[in-house]
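*Asks:* Requesting a structural model of the entry that follows:
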Amino acid sequence: MDVRIFSVYKWVWFLLPFFILLLSGCENREYTREKMWKMAEEEAGDGQIKVVLPSLEYPPIECSKYGKGCIYGITVSAWNMIMLAILFDNEENARRAATRFDAYYKYNWMFDEIQNEPYLQDFVIKTYGAERPRENPPPFVLPQAPTVRSKARPVLQEKETHEPKT
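*Replies:* Next comes the predicted model:
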């Protein structure tokens with residue numbers, strides 16, 4: 001009986017370092033709200049980042065717009081510019097929504113309404129390491145107005161000269 005206990009302990013001590021290495025190599029692929037906020041304040045400085053409460057001007061964020069896995073959204077003011085931070089249940093759903101809205105994401109968060117703000121784009125890339133799944137969206141082309149062909153020929157007009165008459 002004592003030999004079996006010793007044998008089990010030997011295997012536990014033998015396998016324990018491998019489990020520790022395995023667990024230490026796993027990266028946590030989520031950001032908590034507190035960690036996101038702390039990272040933003042460290043990067044931007046005190047008072048530069050604020051949460052905007054829902055109002056008529058900034059209505060609450062509806063998760064139904066962002067699809068599967070959306071938990072909630074926060075309207076954030078950074079240097080008096082507005083962006084949306086949307087929390088998802090996992091990274092795959094955040095990436096899927098970011099692709100759909102041509103937005104940025106990192107782990108389980110998506111950053112929306114920053115596509116036309118280079119300063120906010122640089123902020124989320126530098127602070128969180130955010131990525132944009134669709135870097136080169138299809139170009140926006142204005143539709144051409146239909147041309148009307150006239151059967152009349154253009155009339156050439158004589159040039160007016162501003163020479164003094166004699």
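
*Asks:* can you give me the mean pLDDT across stretch 111-118?
*Replies:* Averaging pLDDT along stretch 111-118 yields 89.

*Asks:* So for it, what gets flagged as buried?
*Replies:* Phe111, Asp112, Ile114, Glu117 (16 or more other C-beta atoms under 10 Å). Bear in mind the C-beta positions are built from the backbone N, C-alpha and C, glycine included.

*Asks:* Which of the helices and strands in this protein ranks last by mean pLDDT?
*Replies:* Lowest by mean pLDDT, DSSP states H and E among the helices and strands of the chain is helix 2-24, with a mean of 49.

*Asks:* immediately after it, which helix or strand?
*Replies:* Counting by DSSP states H and E, the next helix or strand C-terminal to helix 2-24 is helix 33-44.

*Asks:* Keeping just the C-alphas, turn stretch 58-69 into CSV.
*Replies:* The C-alpha coordinates for stretch 58-69 follow below in CSV (Å, rounded to 0.1, in the frame of the first residue of the first chain):
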residue,chain,number,x,y,z
TYR,A,58,-26.5,60.3,-26.9
PRO,A,59,-29.2,57.6,-26.6
PRO,A,60,-28.4,54.3,-24.9
ILE,A,61,-26.7,51.7,-27.1
GLU,A,62,-28.9,48.9,-28.2
CYS,A,63,-27.3,45.6,-28.4
SER,A,64,-29.8,44.3,-30.9
LYS,A,65,-27.9,46.5,-33.5
TYR,A,66,-24.6,44.7,-32.9
GLY,A,67,-25.9,41.2,-33.0
LYS,A,68,-25.1,38.0,-31.2
GLY,A,69,-23.1,38.1,-28.0
